[in-house]
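Undergrad: everything below, folded, please.
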Amino acid sequence: MPAPNGDPVTITRQEPSEAIKVVGVMQALDGNMMAQVDTLQAKADKWGAQIRDGWIPRNLARKALNMMIWPSLRYPLPASNLTDRQGEQITKEFYRNILPSIGACRNYPIVFRHAPASLNGLDLPHPYVEQGIAHICLILTHGAIDTPTGSLLRSSLEQAQLEVGLGTAFLDASFDVYGFLLTDCLWATIWAFISLHRIALSNPDQVLPKPQCQHDKGLTWYTDPKRTTFLQSLPPSYGSSNIG
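TA: Take a look at the predicted model:
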């Protein structure tokens with residue numbers, strides 16, 4: 001294709017699973033987060049090793065964590081679909097390296113690392129939790145307004161609703177029961193997070209699928225949520241089917 005000056009430029013072909021850096025975020029067309037995890041982990045491990053091998057006062061070490069390295073790790077989280085395990089993988093070695101520098105044992109229990117100071121915790125950020133908070137803030141900020149991000153959120157929400165196949169808002173349903181019906185995507189990550197932490201997200205203006213015939217219901221409506229074996233035996237495409 002031609003460049004602004006008219007010279008031809010070759011377009012490089014990328015595989016769907018191959019990630020490239022776009023506006024500071026490693027993104028692959030198939031949505032996998034492997035390259036993003038590796039990038040964040042390498043950045044965290046490098047900074048942690050430098051703190052471990054050097055010396056810095058405790059108060060400065062904590063300020064450096066809060067004001068330097070963490071903002072760098074937090075930046076891509078709103079556009080990421082990291083799992084809880086991937087979040088721990090990013091910071092596992094990193095926190096072991098810096099805990100002594102901030103005055104804590106390197107084997108400090110994980111549950112207390114991320115607990116608030118009022119509960120005798122270290123109040124260290126967890127990538128998965130911070131990602132979930134960033135996603136919710138993104139929805140509350142852009143979900144109901146006419147911005148490019150808001151339009152993308154609403155259109156992808158409608159697509160996810162159709163894929164799950166429920167006649168009611170899928171975010172109100174249990175992810176443990178119906179989550180397998182949705183392809184791994186941003187809304188799947190948001191759904192898993194709010195279901196785990198019992199957070200309610202509702203949109204009174206959300207467009208829900210309408211029955212095509214009288215007495216039609218989504219196929220999953222006819223199933224007992226406790227009968228997960230029956231649900232999981234169905235192909236994902238059955239979730240959006242209608243029966244009379």
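
Undergrad: just give the nearest non-adjacent residue to residue 114, would you?
TA: Ranked by C-beta to C-beta, 6 or more residues apart in numbering and with sequence neighbours excluded, the top spatial neighbour of residue 114 is residue 126, at 4.7 Å. Any C-beta I mention is one placed from the backbone N, CA and C, and that applies to glycine too.

Undergrad: look up phi and psi at the one you found.
TA: The phi and psi torsions at residue 126 (degrees, to the nearest 10) take the values phi -110, psi 120.

Undergrad: can you pull out the helices in the protein?
TA: Shown for the chain, the helices assigned by DSSP state H span residues 34-53, 58-64, 70-74, 84-98, 110-113, 127-142, 148-164, 175-178, 186-196, 228-232.

Undergrad: centroid residue for this structure?
TA: residue 81 (3.2 Å; C-alpha atoms, centre = their mean).

Undergrad: related to what we said a few turns ago, surely the residue nearest to residue 114 meets residue 91?
TA: Yes. At 7.4 Å, residue 126 counts as touching residue 91 under the criterion of C-beta atoms under 8 Å.

Undergrad: quick revisit: and the pLDDT at the residue nearest to the centre of the chain?
TA: In the prediction, the pLDDT value recorded for residue 81 is 90.

Undergrad: name all residues that make contact with it.
TA: For residue 81, the contact set (C-beta atoms under 8 Å, 6 or more residues apart in numbering) comprises 31, 33, 184-186, 188-189.

Undergrad: got the phi and psi for it?
TA: Geometry field for residue 81 lists phi and psi as phi -120, psi 50, criterion degrees, to the nearest 10.

Undergrad: apart from its neighbours in sequence, what residue is nearest residue 28?
TA: Computed as C-beta to C-beta, 6+ apart, the closest residue to residue 28 that is not its neighbour in sequence is residue 19, at 4.0 Å.

Undergrad: burial count for residue 198?
TA: Applying other C-beta atoms under 10 Å, we find 6 other residues in the vicinity of residue 198.

Undergrad: could you list the domains of this protein?
TA: As given by automatic domain parsing, the domain ranges for the chain are 24-130, 143-243.

Undergrad: okay, now the unreliable bits of the protein?
TA: Under the criterion of pLDDT under 70, the regions of the chain flagged as low confidence span 217-244.

Undergrad: switch the cut-off to 50
TA: Applying pLDDT under 50 to the predicted model, the residue ranges of the chain that meet it are 227-228, 239-244.

Undergrad: one step back: which one of the contacts of residue 81 sits closest to residue 172?
TA: Relative to residue 172, the closest of the contacts of residue 81 is residue 188; by C-beta to C-beta it sits at 15.1 Å.

Undergrad: which residue packs closest to that closest one, ignoring adjacent ones?
TA: Here the nearest residue to residue 188 in space, its sequence neighbours aside, is residue 182; by C-beta to C-beta, 6+ apart that works out to 4.7 Å.
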